[in-house]
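**Q** just the structure for this:
(one chain, ligands or ions: 1)
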Amino acid sequence: MAEAILSLSSISRSFGEFKAVDNVTIEIETGSITGLIGPNGAGKSTLFNVVAGELSPTTGSIKLFGNDVTGLHPDQRFELGLGRTFQIPRPFKRMSVLENVMLAPTGQTGETLWGAVFARGRIGDQEQRIRRKALEVLEFLTLRHLADQPAGKISGGQMKLLELARVLMGDPKVILLDEPAAGVNPVLTETLIEKIEELNRGGKTFLIIEHDMDFVMRHCDPVVAMAEGRVVFQGTSSEAQSNPLLLDAYLGAPVDA
Ligand SMILES: Nc1ncnc2c1ncn2[C@@H]1O[C@H](COP(=O)(O)OP(=O)(O)OP(=O)(O)O)[C@@H](O)[C@H]1O
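**A** Presented below is the predicted three-dimensional model:
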């Protein structure tokens, strides 16, 4: 097995008496696009929130590049190279697409637009650098033509790409995507897949929650399935496609070759 970039060890997370995540152990291989599937309420988003640091685990630990990050805040994890998008994008709707990207943390200590504007009160080299980088990221994600549009006016699919743009400003090594294809039209989904694969070829590791089984089976390998808080399957995408439990529960019918 390839080296793990992210290791989740016996992670549980309860809300009161209810165990939303129950003793999950997963190793995310460096350079993989790992798919995380499971029915509504399986605990996938809760697990993401624990990995990204928005929720602390009730028990268990998380290692990033072999270092324990369980006690770190989300922004500290981001600075170490762990980025995430949300199921429902949350842009600053009245700001432009470009401003939204420029306001994302860059992953380099001290380099934020807020810092450039408020600390020195002038437009400096730092802001120019951030602007250039933001425009490059927008160009890469085919959003360059929307740079000056208010973020609240772009389509749901474009908002998902904008979320990814904000994450890319931090040059993360590992990217968690929460339902990237949900509510996105087929053309933008194709763009998103192309960009994920290009970033992956460039060395980025992905962990993707997705309900679209066609997306998962074509583009994710390995696949992890959760149900009722537990991992019920871990294996390659072809093993997933021939697993009777998954075929019955999630897939319904074999995915077209
Ligand atoms: N903050 C919370 N307080 C109480 N219960 C919660 C909280 N967050 C999640 N849950 C519960 O934990 C369970 C797992 O939810 P979670 O959102 O992680 O599932 P999911 O697999 O991501 O589902 P979906 O595919 O619908 O997004 C659900 O029963 C949910 O109601």
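
**Q** for the closest residue to residue 144 other than its chain neighbours, what are phi and psi?
**A** In space, residue 144 comes closest to residue 138 once its chain neighbours are excluded; the distance is 4.7 Å by C-beta to C-beta, 6 or more residues apart in numbering. Just so you know, the C-beta spots here come from the backbone N, C-alpha and C atoms, and that holds for glycine as well. Here is the backbone geometry of residue 138 (degrees, to the nearest 10): phi -60, psi -40.

**Q** what of residue 178?
**A** For residue 178, the backbone dihedrals are phi -100, psi 110 (criterion: degrees, to the nearest 10).

**Q** ok, for it, nearest residue in space, not its chain neighbours?
**A** When the adjacent residues along the chain are set aside, residue 178 lies closest to residue 87, with 4.3 Å between them (C-beta to C-beta, 6+ apart).

**Q** with residue 149 instead?
**A** Spatial nearest neighbour of residue 149, chain neighbours left out: residue 97 (5.5 Å); criterion: C-beta to C-beta, 6+ apart.

**Q** how far away is that neighbour from residue 148?
**A** Residue 97 sits 7 Å away from residue 148, going by C-beta to C-beta, to the nearest Å.

**Q** mutual contacts of those two, please.
**A** Listed as contacting both residue 97 and residue 148 by C-beta atoms under 8 Å, 6 or more residues apart in numbering is no residue at all.

**Q** between those two, who's got more neighbours?
**A** Counted by other C-beta atoms under 10 Å, residue 97 and residue 148 do not tie: residue 97 has more neighbours, with 26 against 9.

**Q** contacting residues for the more buried one?
**A** 91, 138, 143, 146, 147, 148, 149, 150, 151, 154, 162.

**Q** any idea how far it lies from residue 44?
**A** Distance, residue 97 to residue 44, by C-beta to C-beta: 28 Å.

**Q** contact residues of this structure facing the ligand?
**A** Of all the residues in the chain, those in contact range of the ligand (C-beta under 6 Å from any ligand atom) are 15, 20, 38, 40, 41, 42, 43, 44, 45, 46.

**Q** ok, of the residues you listed, which come out buried?
**A** Among the residues of the chain next to the ligand, those scoring as buried are 20, 38, 42, 43, 44, 45, 46 (criterion: 16 or more other C-beta atoms under 10 Å).

**Q** just checking, the fifth one touches residue 225?
**A** Spelled out, it's residue 44. No. Using C-beta atoms under 8 Å, residue 44 and residue 225 do not qualify as a contacting pair, with a distance of 9.6 Å.

**Q** mutual contacts of those two, please.
**A** With C-beta under 8 Å, 6+ apart applied, the overlap between the contact sets of residue 44 and residue 225 consists of 36, 37, 38.

**Q** gap between residue 155 and residue 225?
**A** In this structure, residue 155 and residue 225 are separated by 30 Å, where distance is defined by C-beta to C-beta.

**Q** tell me which of those two has more neighbours.
**A** Neighbour comparison, residue 155 and residue 225: the larger count goes to residue 225, with 24 against 13 (by other C-beta under 10 Å).

**Q** so what's that one up against?
**A** Each residue near residue 225 by C-beta under 8 Å, 6+ apart is listed here: 36, 37, 38, 231, 232, 233, 234, 240, 245, 246, 249, 250.

**Q** can you pull out the low-pLDDT segments for the stretch 151-257 of the chain?
**A** Within the stretch 151-257 of the chain, the stretches with pLDDT under 70 are 250-257.

**Q** what segments of it are strands?
**A** Along the stretch 151-257 of the chain, the segments classed as strands by DSSP state E, counting those that start in this stretch run 174-178, 205-209, 223-227, 230-235.
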